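Asks: Next input, structure requested:
(2 chains)
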Amino acid sequence: MAHSPVESYVLPSSPEHRSWIALLRREAPWVGGLTLAALAILMRYGHDFGYWQYLVLASWYAGLLAAGIAWRPLQWATIAAVLPALFAVWLYSDGQTPADNLLLRYVLQGVAAVYWMSAALLAATALYIAYVVTAKATLGRLASALTWVGVIFGFIGLGVRWRETYLGHPDWGHIPVSNLWEVMVLFCASTALFWLYYEQRNRARGLGAFVMPLVGISVGFLLWLTLAQHMDRIEPLIPALQSFWMKLHVPMMFVGYANFTIASLVGLAYLLTQRSELRGGRLARTLPPLEVQDDVMYKAIALGFLFFTVATILGAVWAARAWGGFWSWDPKETWALIVWLNYAGYLHARVVKGWHGRSMAWWSFMSLWVVTFCFLGVNMFLSGLHSYGKL
Amino acid sequence: MQAQTKVMTRERSQWRLLGSFLGSMRLAVSLLVLLAIASIIGTILSQQQPYSNYALQFGPFWFAVFRTLGLYDVYRTAWYTGIVAFLVLSTATCVTRNTPRMLRDIREFPLRQRENALRAQPQVVEMLAAEDPDDLTRRLAQTLRASGFRPRLLQEGDTQYLAARKGKYHRLGYFLTHIAIIVICAAALYNADVPVKWAELTGSLRPATDFDLPLSKIPPSAFMPVHNPAYRGIITLPEGQTADAVFELAGNGYLVQPLPFRIHLKAFHIQYYSTGMPKDFVSDVVLYSPQGKVLKEGAIRVNHPMSYDGVDIYQSSFSDGGSLLTMRSYLLGAADGHSAELQGRVGQTLHAGNSGYSLQLKNFELYNIVPRSAVGEPSDPRHPTVNLGPSFTYVVRDPQGGGAEMKTYMQPITRGGQGFFVQGYRRSLGDPYQYVYIPTGPAGSIHLFMAYLAALQKAAKEGANASPALFSAVFDRVAARAAPDWTSAQKERFVEASLQALAGLHDYPVPFVLTLSQFDHRWAAGLQVTKWPGTTLIYWGCVALVLGIFILFYLPQQKVWAQIQRRADGGSRLLLGAGADRNRLDFARQFARWRAALEAAGAQTISSRETHEEVHHGP
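Replies: Prediction:
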């Protein structure tokens, strides 16, 4: 301001306003625990780390740290998943096997934990729907609790399976995100986890009746893969997949898929709620306000877009190492680009043009087909370099 | 003079019109969606196949139509590149047009807003408090600071102005993302080797179409310059050989890229898991300068390329590199099971004397650990796979022009104590293999069976009637010479197996059987060689893109202004206005918390206004 007659000044701040110190003090157990865990991993495995392993560890550390601070329930969930998984790993290293240890056989073994996850998530799906139909708060709380159980079992299953890939065949070991079965587990668990986040952040429990049925369908597909296709068998990795990039590329991709899926189902909820509002129906009474639904939709897409971008870039970097070109117009790559362009268009329309409401809900909902095709359709109907995701 | 000004104004306004068209959001969104839809084509139609495949698939008419549209290599057609270029142009226009405004926005933040402007903010509240203005200001500053703002104060007479903003650099996110897209596309264009594409277009570079020519015979018009800035080529290199050029597919043909060094393949090997699945493919390679000096030596594995002087070499595939096969050929029905030795390299075509038959040795595979069902074996959950040892494949052409593809396994399989030689055959490439199982005698050879077959044919010619007694009598005679120490159980098994094999031979397409007695295996490695100087730039572009997206979504710009005036009774009046350019719902919640905090401290709201965003329903 050119004509400012008096000098302006920054108001002095007192020490208690240094909010990040307060934050660190409040989160000391989480920060400390996570740091200790990272150090323990470094002590145990650090001697044969290359720079990339430091990179992977640092990414997981920073990611979990930030996510746990941003959303405290994640701290408890992490502990609830890590401790049993570590216990199972200890049982294995103690020489016990699922054949002679009942706990391993029926609960902690990778596949068993996944069955528990499936049961919990299916029950949660039914409860979410019952909650919206009856509007009984107890049902809703139970639905959320069961979703938590499912998520925790899902990650226990993945963690224990990671160890199990090494058992018997040390040279087979790999992070369990290498075939369709393993990534379906990851998809179910992470979609449910992100759903819990949006639910609690926005007091939007009713929307679970729209999001969780898709998780339920995925669980059904997963069970079919297990029982009919026996895809839960641990198999060694083909040479192209033996890369540390897999540890970053695949999980990040699934953060993207999970968020996009949630956004599109919230889009569907938005459309139905709006209809119900016009007719004075039940949905409008049990679901959160349209404004909130619209906001959840946007935030899920924004977070998904960020991770999808990073994952696609990491995929390109990996492709450059494995196939000699960071972009080969392989069908999976091209579909990832299509998904990316689709959401880039969505975000431009939403953020810059300020489009809201019905048309954007339609856009978000229809994007489900694009995302699903990229995730599953490409592997089923098209051939290409990503063929290991096949049935 | 006046007319000229008018023309200039019109021109300028035309430019402005063009600029606002190119920079418009509607165009950008349309282009993003259009590009997404165009990209689908290349995923439905498999790209860069030989033209003959497409011709077969679509018929001559549609083949020509699709070729004209460039659908066989969509992502490199002019129209697809055109859409991308248009998008980049639109992005660049947008960046250029918005830069001054956004820079101003980052630099300038007025501490004082006129009352009207303050009241026009999305969130506004007017409050009265009994407190002294200084106290109220301090309280407000504290509230804002607790939310992470750093308020600044301006005193003007009796009025205090308080202002704060968060996310000053929010606009940077816009620059980073949009400039990243331009950088990535430009670098990709550079990697795509524009000069060569141009030379192809003008005709000074012509792809060769005959894939069987030796390097020395390829016309010079298909050679790219050695100092080509960017390329991506492939070479199939047999063990022990050296190459100094790679091939790049171009339309229906290929171009040759000479390399600044020579690649020598010392050895290629495959490591296996215990299941028989390949674990790794490794090429041991030496790079020589054209003068023969060793430049670099090492192993190239999948996911572990070798780099030298900006050129990267990747393990991309493998095949047989001309293994030397020693075979034994048995003519069906030749007396005493007489056989002859044959030798040839994979890739060669052998002529069987003057019989008119030719054998093209197609392939050799060192390991064949296959599911039992693949060779017609009953399944066994304990041993799901069966090891058939090395195999070779050859194509037989008979004098009448018929043909068949044969696949011969070196290691016999065992069923119920009897060994069987496994021979696969098929009359057409699309068919599955059918198998005959020929019982093996001493030393795992099929000689005994062949001798038995000849003896049976001789007996039949002499008028003997087929009966079990005859079969065992003939066999006893043959076995007396070839397998004198066999027990009767062994003989019985062999005769039974032979009769089954005879039935299987009815449909056998050629009058001879080839077995593999020795091999000198030689691999060929498929290596991909690339030079992409733009890659580093692309990676930096990617970093900028991710950083930009993060800033855009998670560091929104939030602005707060307050005007605090002393009232006549010693109390104060507060006018607070604020707004955010992202996550407005969150910001509205935060604003409500501030208001509640002030109210809890005794301030009284006299008016408030929340401007809801206009709800657009899209285009």
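Asks: need the residues of the stretch 401-550 of chain B near chain A, please.
Replies: B:528, B:530, B:535, B:538, B:539, B:542, B:545, B:546, B:549, B:550 (Cβ under 8 Å from any Cβ of the partner chain). For every residue, glycine as well, the C-beta is placed using N, CA and C.
Asks: contacting residues around the third one?
Replies: Just to be clear, that refers to residue B:535. A:320, A:326, B:187, B:191 (Cβ atoms under 8 Å, 6 or more residues apart in numbering or on different chains).
Asks: Specify the local secondary structure of the first one.
Replies: Counting by DSSP: H, G, I helix; E, B strand; the rest coil, the backbone at residue A:320 sits in helix.
Asks: what's it in contact with, if anything?
Replies: With the criterion set at Cβ under 8 Å, 6+ apart, residue A:320 makes contact with A:326, B:535.
Asks: Now do the helices in chain B.
Replies: With DSSP state H, the ranges of helices along chain B come out as B:2-22, B:25-44, B:51-69, B:78-107, B:115-119, B:133-146, B:170-191, B:194-202, B:447-461, B:468-482, B:488-505, B:535-554, B:584-600.
Asks: how far off helix B:194-202 does the fourth one point, in degrees?
Replies: Spelled out, it's helix B:78-107. 150 degrees (axes from the mean of the first three to the mean of the last three Cα atoms, to 10 degrees).
Asks: between helix B:78-107 and helix B:25-44, how many degrees?
Replies: Using the same axes, to 10 degrees: helix B:78-107 against helix B:25-44 is 140 degrees.
Asks: Spatially, what comes nearest to residue B:591 if we skip its sequence neighbours?
Replies: In space, and not counting its chain neighbours, residue B:591 is closest to residue B:123: 4.4 Å by Cβ to Cβ, 6 or more residues apart in numbering or on different chains.
Asks: what pairs with the one you found across the strands?
Replies: residue B:578, residue B:610 (DSSP bridges).
Asks: was I right about it contacting residue B:586?
Replies: No: using Cβ atoms under 8 Å, residue B:123 makes no contact with residue B:586, being 11.9 Å away.
Asks: the more surrounded of these two?
Replies: residue B:123 (22 against 15; other Cβ atoms under 10 Å in any protein chain shown).
Asks: mind listing what that one touches?
Replies: Here residue B:123 is in contact with B:577, B:578, B:579, B:587, B:588, B:591, B:609, B:610, B:611 (Cβ under 8 Å, 6+ apart).
Asks: would you list these in CSV and tack on neighbour count?
Replies: Formatted as CSV, the contacts of residue B:123 follow (neighbours: other Cβ atoms under 10 Å in any protein chain shown):
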residue, neighbour count
B:577, 23
B:578, 24
B:579, 19
B:587, 21
B:588, 20
B:591, 26
B:609, 13
B:610, 12
B:611, 13
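Asks: wait, which of these is closest to residue B:449?
Replies: residue B:587 (87.7 Å; Cβ to Cβ).
Asks: excluding its backbone neighbours, what's nearest that closest one?
Replies: That would be residue B:580: by Cβ to Cβ, 6+ apart, it lies 3.7 Å from residue B:587.
Asks: what's around the one you found, how many residues?
Replies: Considering only other Cβ under 10 Å, residue B:580 is surrounded by 23 other residues.
Asks: Now do the contacts for residue B:349.
Replies: Counting by Cβ under 8 Å, 6+ apart, residue B:349 has contacts B:358, B:359, B:360, B:361.
Asks: Let me know the pLDDT of it.
Replies: In the predicted model, residue B:349 carries a pLDDT score of 88.
Asks: Show me the beta-bridge partners of it.
Replies: Bridge pairing for residue B:349 - DSSP bridges - gives residue B:360.
Asks: any idea how far residue A:356 is from residue A:55?
Replies: 39 Å (Cβ to Cβ, to the nearest Å).
Asks: When these two are compared, which one has more neighbours?
Replies: Counted by other Cβ under 10 Å, residue A:356 and residue A:55 do not tie: residue A:356 has more neighbours, with 22 against 15.
Asks: residue in the stretch 251-391 of chain A nearest to chain B?
Replies: residue A:359 (3.1 Å; Cβ to the nearest Cβ).
Asks: So that residue belongs to a helix, correct?
Replies: Yes: the assignment for residue A:359 by three-state DSSP puts it in a helix.
Asks: How many neighbouring residues does residue 134 have?
Replies: Defaulting to chain A. Residue A:134: 12 neighbours (other Cβ under 10 Å).
Asks: That was the other one, I meant chain B.
Replies: Residues near residue B:134, counting by other Cβ under 10 Å: 13.
Asks: Find the nearest non-adjacent residue to it, please.
Replies: Nearest to residue B:134 is residue B:160, by Cβ to Cβ, 6+ apart, at 7.9 Å.
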